[in-house]
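Participant: Sequence and predicted structure below; questions after.
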Amino acid sequence: MAAHAESARPSSAATTHRRSSTGLRISVGQIILYLALTVALLIAIVPFIWVIFGSLKSSGEIFSSPFGLPRTWRWSNFETAWVDGHFGTYFWNSLGIAIPTVFLILACGSLAGFAFARLKFWGNTFFFYLFLASLAISTNSIMIPLFHQIYNFGMIDSWWGVVLPTVASHMPMASFLMRAFFRSLPSELEDAARIDGCNNFGVYWHIMLPLSRGALFGLSIFAFMDSWNAFLVPLLVLRDATLRTIPLGLIVFQGQYLSDYSVLFAGVVISFIPTLIVYFTLQRHFEKGVMIGSVKG
Amino acid sequence: MAATAPVLPSQPVAERLRRSIRRAQPSAYLFLLPALLFYVTFRLYPYAQTFWYGLHDWNGMTAPRWVGLGNYAEALQDPYFWRAGYQTLAFMAIDITLPLTVALTLAILVSEVTRGRTFFRVALFTPYVLSAAVVSVMWKQIYAPNIGIVNSGLRAVGLGQFAHPWLGDSQYALPAVALANSWHSYGFAFVVFLAAIQSIDPSLYEAAKLDGASWLQLVRHVTIPGLRNAITLLVSLAVAGALAAFTFIYIMTGGGPNFATEVLSTYVYDKGFLESRYGYASALSVAMALIALTVSATFIWLRERGD
């Protein structure tokens, strides 16, 4: 067995990630392992399969043959859901909110991260701890004053009313991440640029940003996902039906198709398909982006 | 690298350079300004306002009326607040233990896999990338009395008598929502654990194996201790996450049936946005934040003491 042969070899750093860490070698153990993982896998994906097949059945068929393939594939469910559910509008709204959100998070987060990591100024530590303080604040516990703040700015029923608070909630994490990243860069490049006459912004723009493409990309995936999936702030801010994002629109759609299950399922599938396509395309980056959330600690 | 290295500066230039770097740079504030503006306006100021509103009676229309600690006194007398608080803790208990246990187990198992590790990792992480709203709508149907897959499954294996309207039964609704939330959230902990396991020094395993340790002993004495930091981080994040579990409850049950799934965040929302009692809702928000802090601090204290 391959596992056996492999684990007999002495370990080296290069091969470790290919082998199991404890080198479980008994083949019975491997069989149990795969069985257990298959069960977990089923629990993770059966809901998807059920909803996808259900969206192609009639409502009666979802009830009478819950686990079977659709007898006739009713693509018309998707047509109904797409037209009646206005998912096209919701899609553009979600995108229109997510793009400026990500852009502002990258810009403001990297500027602040640069100041924290590379510049000397009075209050560096103070501002750093000021940012740190809010990692304990969740948007939930400030929803009442946040709503009134957005209202006072006249941003109810506008995209900015969602964008700006979301950007604000990301500022601590984004600047911490960029601070850590900029600190890890060697200072020789910066010194060289300064000799060539670069000012602070020049160093940031010509040296730091081009070197941090990877970190910025990870951060943008994290920020995009957060904005795309957000529920509470859009719920508070977007009252107008034409401004709804996908999560908000799906909730309204669910209320309208309470008993027309197959059309409702089609709406659910329409809502999660874009995310899944992006996830499977950018899988590795996605995981890294999500892990950014764990730098909080 | 040598080709792009700058000509070495003469001594005075280098000296001036070093001094200019050491000197305070006022332009730093300009770099900080945008982030600070956002943060103060939409994070810090509302946070301070929560305390301020909490000392007032305010319906959002007329001028706020100072009531001091009146809202807090009312909360202590409010049986629904106590019930929501208790249910928040119950929800949190499930929402921390279940996903973290599942994630830890799966991460250990996947790290043992020799073939198809990437496949399992990608597939098991999938639920996490969906929005809470989509998952809530999906699971509401999964629990539905007639078409739901839970009841269909029970009927299919001849256990039809156990079929329930899960979300409509005040005994099962809260654990059912917490289970849906766990299905959504375990993926994050799973990926963090997996990365942490892969960064454990392999020589520790080799040494333990030379001492004749069994697989379970390796897991218990090498893997789990190697994950201490990851566990602390994930528990703290899960405490915050459980308090933020507004979306699932709002969509799946709306706090019902008969208040059985009302938690603090949905109760704050109801008091504020449905009853327009912004002052009272703010006081409840402060209580909610205090609970989060207490639970996190208790956990960290227990951990430190265990050392």
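Facilitator: Yes, it's here. Residues are numbered from 1 along each chain as shown, chains lettered A, B, ... in the order given.
Participant: Tell me which residues touch residue A:54, please.
Facilitator: A:62, A:261-262, A:265 (Cβ atoms under 8 Å, 6 or more residues apart in numbering or on different chains). The way it works is simple: take the backbone N, C-alpha and C, and place the C-beta from them, glycine included.
Participant: wait, residue B:104 sits on residue B:193?
Facilitator: Yes - between residue B:104 and residue B:193 there is a contact under Cβ atoms under 8 Å: 5.6 Å.
Participant: Overlap in contacts, those two.
Facilitator: With Cβ under 8 Å, 6+ apart, residue B:104 and residue B:193 have common neighbours residue B:227.
Participant: and the most centrally placed residue in chain A, what helix or strand is that in?
Facilitator: Nearest residue to the geometric centre of chain A (Cα atoms, centre = their mean): residue A:225, 2.4 Å. For residue A:225, the host element (DSSP states H and E) is helix A:213-229.
Participant: That helix near chain B at all?
Facilitator: Yes - under the criterion of Cβ under 8 Å from any Cβ of the partner chain, chain B is reached by helix A:213-229 at A:225, A:228-229.
Participant: what about the chain, any weak spots by pLDDT?
Facilitator: Assuming you mean chain A. Within chain A, the ranges that satisfy pLDDT under 70 run A:1-26, A:136, A:293-297.
Participant: wrong one, chain B
Facilitator: Low-confidence segments of chain B (pLDDT under 70): B:1-24, B:306-307.
Participant: where along it do the strands fall?
Facilitator: B:56-57, B:65-66 (DSSP state E).
Participant: and of those strands, who's closest to chain A?
Facilitator: strand B:56-57 (11.4 Å; Cβ to the nearest Cβ).
Participant: Make sure residue B:262 is actually in contact with residue B:79.
Facilitator: No - the pair residue B:262 / residue B:79 is not scored as a contact, 11.6 Å apart, by Cβ under 8 Å.
Participant: Those two: which is more packed in?
Facilitator: Taking other Cβ atoms under 10 Å in any protein chain shown, residue B:262 and residue B:79 do not tie; residue B:262 has more neighbours (23 against 8).
Participant: mind listing what the residue lying closest to the more buried one once chain neighbours are set aside touches?
Facilitator: Spatially, and ignoring its direct neighbours in sequence, residue B:262 is nearest to residue B:255 (3.8 Å; Cβ to Cβ, 6 or more residues apart in numbering or on different chains). Residues near residue B:255 by Cβ under 8 Å, 6+ apart: B:249, B:261-263, B:266-267, B:270.
Participant: which two in those residues are spaced the farthest apart?
Facilitator: Largest separation among those by Cβ to Cβ: B:261 and B:270, giving 12.4 Å.
Participant: So for those two, which sits in the more crowded spot?
Facilitator: Counted by other Cβ under 10 Å, residue B:261 and residue B:270 do not tie: residue B:261 has more neighbours, with 27 against 19.
Participant: Next, count neighbours for the closest residue to the more buried one other than its chain neighbours.
Facilitator: Closest residue to residue B:261 apart from its sequence neighbours, by Cβ to Cβ, 6+ apart: residue B:253 at 4.4 Å. Close neighbours of residue B:253, defined as other Cβ under 10 Å, add up to 23.
Participant: I'd say residue B:253 and residue B:167 touch.
Facilitator: Yes - Residue B:253 is in contact with residue B:167 according to Cβ under 8 Å; the separation is 5.5 Å.
Participant: Give me the common contacts of the two.
Facilitator: B:173, B:177.
Participant: Over to the residue nearest to residue B:262: give its phi and psi.
Facilitator: When read as degrees, to the nearest 10, the backbone of residue B:255 gives phi 100, psi -10.
Participant: again with the one 4 residues further on
Facilitator: Here the main-chain torsion angles of residue B:259 (degrees, to the nearest 10) amount to phi 70, psi 10.
Participant: how much space between it and residue B:81?
Facilitator: 11 Å (Cβ to Cβ, to the nearest Å).
Participant: out of these two, which sits in the more crowded spot?
Facilitator: residue B:81 (21 against 14).
Participant: Surely the more buried one touches residue B:73?
Facilitator: No - taking contacts as Cβ under 8 Å, residue B:81 lies outside contact range of residue B:73: 11.5 Å.
Participant: how far out from the middle of the chain is the longest helix along chain A?
Facilitator: If you go by DSSP state H, chain A has its longest helix at helix A:87-118. Helix A:87-118 sits 12 Å away from the centroid of its parent chain (Cα atoms, centre = their mean, to the nearest Å).
Participant: and the following helix or strand past it, which residues are buried?
Facilitator: The element immediately downstream of helix A:87-118 (helix or strand, assigned by DSSP H and E) is helix A:124-133. The neighbour-count criterion (16 or more other Cβ atoms under 10 Å in any protein chain shown) identifies A:124, A:127-128, A:131 as the buried residues of helix A:124-133.
Participant: just stretch B:280-300 next, same as before
Facilitator: Buried residues in stretch B:280-300, counted by 16+ other Cβ under 10 Å: B:280-289, B:291-292, B:295-296, B:299.
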